[in-house]
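*Asks:* Next comes the sequence, and after it the predicted model I'd like to discuss.
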There are 2 protein chains.
Amino acid sequence: MALRVTAQAPKAPLLVIHGGAGNITPQNLSPEEELSCRMELKRALETGWKILQNGGSSLEAVVTAISILEDSPHFNAGKGSVLNRAGKVELDASIMEGKTGMAGAVAAVTRIKNPIQAAVLVMQKTPHVLLIGKGAHKLAKKNGLELVPNSYFITPKQKKVFQKLKSKAQKQKKDGRVSERKFPSQPEIKGGTVGAVALDKEGNLAAGTSTGGMAYKMQGRVGDTPIIGASTWAENNLCAVSTTGHGEYFIRGVVAYDIAALMRYQKLSLSQATQNVIQKLTEKGGQGGIIAIDSEGNIAMPFNTPGMFRGYIRNGGELNIEIFADE
Amino acid sequence: MALRVTAQAPKAPLLVIHGGAGNITPQNLSPEEELSCRMELKRALETGWKILQNGGSSLEAVVTAISILEDSPHFNAGKGSVLNRAGKVELDASIMEGKTGMAGAVAAVTRIKNPIQAAVLVMQKTPHVLLIGKGAHKLAKKNGLELVPNSYFITPKQKKVFQKLKSKAQKQKKDGRVSERKFPSQPEIKGGTVGAVALDKEGNLAAGTSTGGMAYKMQGRVGDTPIIGASTWAENNLCAVSTTGHGEYFIRGVVAYDIAALMRYQKLSLSQATQNVIQKLTEKGGQGGIIAIDSEGNIAMPFNTPGMFRGYIRNGGELNIEIFADE
């Protein structure tokens, strides 16, 4: 056991996070926004890192990092989430641990301050994997998670985005130019889903994802984020994955699990497997990105959008944060 | 085109259905129940078959067959579904078509008479894959699906099962013998989830699944049935899959998509791939079964429970229905 830990020292611990992929360019991200986002990502990485350095689990590090990004108004998860067509915030989150293969998720919750923590409760305190709405709220309350009014999540910025999308949708509908099947285009949406993957000193992988979903989504729409295998996957001795992007494409592509399948069944490397799924996603017209690590400590962070908030920390504290495609 | 259809004549059309896997033995299924179940399965197969024979799509055949089983009180889907801890019925369903890779699903709906038809609406009328609760009800109503009071779904038989499980759970809780994490054991539950997979004359595959979920589940629990890749998968030139069983194991195993992955990446046959996932399921302690077909018209129907309601129709009307393991 001691030998195994020593052998893993260069590759573990390791923490990688994302704050969403999207139309993120130097032109449409103000210097103030950029700085705030970088600082929040740094804080999430450093706080998670401390846990891993002190021998904490990858699960704990993932949940801590995601909770920080949920609390930040800069990302589309927890506070700062996008609004649905009813002008409300509905949140999805999921967690998976590679050691046991156990998983938990919540969907369409409207009052849980940190949905990722509710996902952990589903995994640890119930016989279920996915709980939605009222059932999830009951569980959260019973176990002492903080409940907040829906207005807590709504920032002035996202309210403005909602008003814009609503006007656009109403105008398009009036003009007969789009059916309900189409979203109004969303150039305003820059941040996105948040997620984290980690490898701890014991060699255990974990992955988690949390989101407010697509802006102007229909009430009750559930994306890929709470779907184990679509957005989140963790399997010891293989890989841990968290995705961000247009969720419907990730569900239909079973993207997170497909990476694991390509590595296990076709012996692809992490880099090859993640490139493969991004290519398939692109061919189908889906946009988004992936953070993934393998049990050797390799990192992959491919995306097919102009930018993705992303970063990692490893090797005694080496920290890296990137936003744009050409960094 | 004509040539292609002719070449496929021996293998298509083809329709396979299931009515759930579980503790189904000659000892605990009365002759009357057995006969009723066989008749309902036969009716579902023959009605779906007529559609396929007349050149209808695999999607249409799957939805029609599943709707018949939803309307039957003998299966745990639509009318006759199990009750959750709140004494209510909450229904999940999903559909996928192999030609386009498009999919739709609903979860935790309480008033839609035929959830599988609502899943089709999500696929065809919205930009989403999964809609839950109120959002799904709105969509169903707007598009003319029949809404019913929750009491419509509740049969005297399932009410009795609920009372039994409730007493058992309360007693176990009082005795401090089980936590909320465990279900009370469910020997009473014989029927289950329903599903169908089909191959039409055009060579298009489709798959669908519909369920009331686990008996005595927590309110808001969503199982594998509405999860594309866990319970339902259809991909032209590869396979169509519908599963039944303890949903949490199927979610964590991404079972339906894993069959496709094994066939595509490891070149396993349908029979090998389905046996492989059932074996993994068994090793993890999960119970259930699978119906699957490939684009060559091969059929696999493995399960690791005492029985599974299942049947197929092909080759100009050759009909086969089985229930127990040793048939």
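*Replies:* Done, it's in. Residues are numbered from 1 along each chain as shown, chains lettered A, B, ... in the order given.
*Asks:* can you list the residues of the stretch 151-300 of chain A near chain B?
*Replies:* Applying C-beta under 8 Å from any C-beta of the partner chain, we find that the stretch 151-300 of chain A lies next to chain B at A:180-183, A:217-223, A:227-230, A:247-248, A:251-252, A:254, A:257-258, A:261-262, A:265-266, A:284. No exception for glycine: its C-beta is placed from N, CA and C like everyone else's.
*Asks:* can we see that at 7 Å?
*Replies:* Counting by C-beta under 7 Å from any C-beta of the partner chain, the residues of the stretch 151-300 of chain A lying close to chain B are A:180-183, A:218-222, A:227-230, A:248, A:251-252, A:254, A:257, A:261-262, A:265-266.
*Asks:* Buried subset of these, written for ChimeraX?
*Replies:* Entered in ChimeraX, the line below selects the buried ones among those, by 16 or more other C-beta atoms under 10 Å in any protein chain shown:
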select /A:183,218,219,220,221,222,227,228,229,230,248,251,252,254,257,261,262,265
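*Asks:* and the residues of the stretch 151-300 of chain A next to chain B, which of them are in helices?
*Replies:* Among those, DSSP state H puts A:248, A:251-252, A:257, A:261-262, A:265-266 in helices.
*Asks:* would you turn these into a markdown table with pLDDT and distance to B:N298?
*Replies:* As requested, these are exported to a markdown table (pLDDT from 0 to 100; distance: C-beta to C-beta, whole Å):
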| residue | pLDDT | distance to B:N298 |
| --- | --- | --- |
| A:E248 | 96 | 30 |
| A:I251 | 98 | 27 |
| A:R252 | 98 | 24 |
| A:Y257 | 98 | 24 |
| A:A261 | 98 | 21 |
| A:L262 | 98 | 25 |
| A:Y265 | 98 | 20 |
| A:Q266 | 98 | 23 |
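*Asks:* closest to B:N28 among the residues you listed?
*Replies:* B:N28 lies nearest to A:Y257 out of these, by C-beta to C-beta, at 36.0 Å.
*Asks:* quick one: contacts for that closest one?
*Replies:* Neighbour list for A:Y257: A:229, A:233, B:229, B:254, B:257 [criterion: C-beta atoms under 7 Å, 6 or more residues apart in numbering or on different chains].
*Asks:* show me where chain A has helices.
*Replies:* Under DSSP H, chain A gives helices at A:2-8, A:31-53, A:58-71, A:115-125, A:133-142, A:156-174, A:247-253, A:255-266, A:270-284.
*Asks:* Out of these, which is closest to B:A12?
*Replies:* The minimum distance between B:A12 and the helices of chain A falls on helix A:247-253, with 24.0 Å, by C-beta to C-beta.
*Asks:* Return the closest one as CSV; C-alpha atoms alone will do.
*Replies:* Presented in CSV, the C-alpha positions along helix A:247-253 are these (Å, rounded to 0.1, in the frame of the first residue of the first chain):
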residue,chain,number,x,y,z
GLY,A,247,-27.1,18.8,-22.9
GLU,A,248,-29.4,17.2,-25.4
TYR,A,249,-26.5,16.2,-27.6
PHE,A,250,-24.6,14.8,-24.6
ILE,A,251,-27.6,12.7,-23.5
ARG,A,252,-28.1,11.2,-27.0
GLY,A,253,-24.3,10.6,-27.3
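*Asks:* Show residues contacting it.
*Replies:* With C-beta under 7 Å, 6+ apart as the test, helix A:247-253 has contacts from A:213-214, A:223-225, A:227, A:230-231, A:243, A:277, A:280-281, A:284, A:286, A:288, B:101, B:103, B:127-129, B:228.
*Asks:* distance of A:I17 from B:G98?
*Replies:* When distance is defined by C-beta to C-beta, to the nearest Å, A:I17 is 36 Å away from B:G98.
*Asks:* quick one, which of the two is more surrounded?
*Replies:* With neighbours defined as other C-beta atoms under 10 Å in any protein chain shown, A:I17 and B:G98 compare such that A:I17 has more, 31 against 26.
*Asks:* before we move on, the earlier item: tell me which of the helices of chain A is the most buried.
*Replies:* Of all the helices of chain A, helix A:58-71 has the most neighbours on average by mean count of other C-beta atoms under 10 Å in any protein chain shown, namely a mean of 27.
*Asks:* For it, give the mean pLDDT please.
*Replies:* For helix A:58-71, the mean per-residue pLDDT is 98.
*Asks:* ok, now stretch A:305-313?
*Replies:* 97.
*Asks:* shaky segments in chain A?
*Replies:* A:1-10, A:176-191 (pLDDT under 70).
*Asks:* run the last query once more with 80
*Replies:* For chain A, the stretches with pLDDT under 80 are A:1-10, A:173-191, A:327.
*Asks:* Tell me the spacing between the residue lying farthest from the centre of it and B:K142.
*Replies:* Taking C-alpha atoms, centre = their mean, the residue of chain A most remote from its mean C-alpha position is A:D175, at 35.8 Å. For A:D175, the distance to B:K142 (C-beta to C-beta) stands at 21 Å.
*Asks:* For A:V89, give me its contacts.
*Replies:* Counted by C-beta under 7 Å, 6+ apart, A:V89 has contacts A:81, A:83, A:110, A:150, A:153-154, A:212.
*Asks:* how many other residues sit next to the residue nearest to it when sequence neighbours are not counted?
*Replies:* Leaving aside its sequence neighbours, A:V89 sits nearest to A:F153 (C-beta to C-beta, 6 or more residues apart in numbering or on different chains; 4.0 Å). Applying other C-beta under 10 Å, we find 26 residues neighbouring A:F153.
*Asks:* ok, A:F153 to A:K166 distance?
*Replies:* Using C-beta to C-beta, A:F153 is found at 18 Å from A:K166.
*Asks:* Put the alpha carbons of stretch A:99-112 into CSV.
*Replies:* Extracted in CSV, the C-alpha atoms of stretch A:99-112 (Å, rounded to 0.1, in the frame of the first residue of the first chain):
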residue,chain,number,x,y,z
LYS,A,99,-14.1,3.4,-6.1
THR,A,100,-17.6,2.0,-5.6
GLY,A,101,-19.3,3.0,-8.8
MET,A,102,-22.0,4.6,-6.7
ALA,A,103,-23.7,7.7,-7.9
GLY,A,104,-26.3,10.3,-7.0
ALA,A,105,-28.1,13.1,-8.7
VAL,A,106,-30.9,15.7,-8.4
ALA,A,107,-32.9,17.4,-11.1
ALA,A,108,-35.2,20.4,-11.4
VAL,A,109,-34.6,21.5,-7.8
THR,A,110,-35.5,25.1,-7.1
ARG,A,111,-34.6,25.7,-3.5
ILE,A,112,-31.4,23.8,-2.6
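*Asks:* what's that stretch in contact with?
*Replies:* A:88-96, A:115, A:118-123, A:129-133, A:136-137, A:140, A:145, A:147-150, A:204, A:220, A:222, A:226, A:228, A:235-236, B:132, B:252.
*Asks:* what do you get for stretch A:262-274?
*Replies:* Among residues not part of stretch A:262-274, those counted as contacts by C-beta under 7 Å, 6+ apart are A:238-239, A:259, A:276, A:290, A:292, A:294, A:298, A:300, A:302, B:261-262, B:265-266.
*Asks:* can you tell me the distance between the two ends of it?
*Replies:* With C-alpha to C-alpha, to the nearest Å as the measure, stretch A:262-274 spans 9 Å from end to end.
*Asks:* what's the answer for stretch A:295-313, then?
*Replies:* Here the two ends of stretch A:295-313 are set 15 Å apart, with distance taken as C-alpha to C-alpha.
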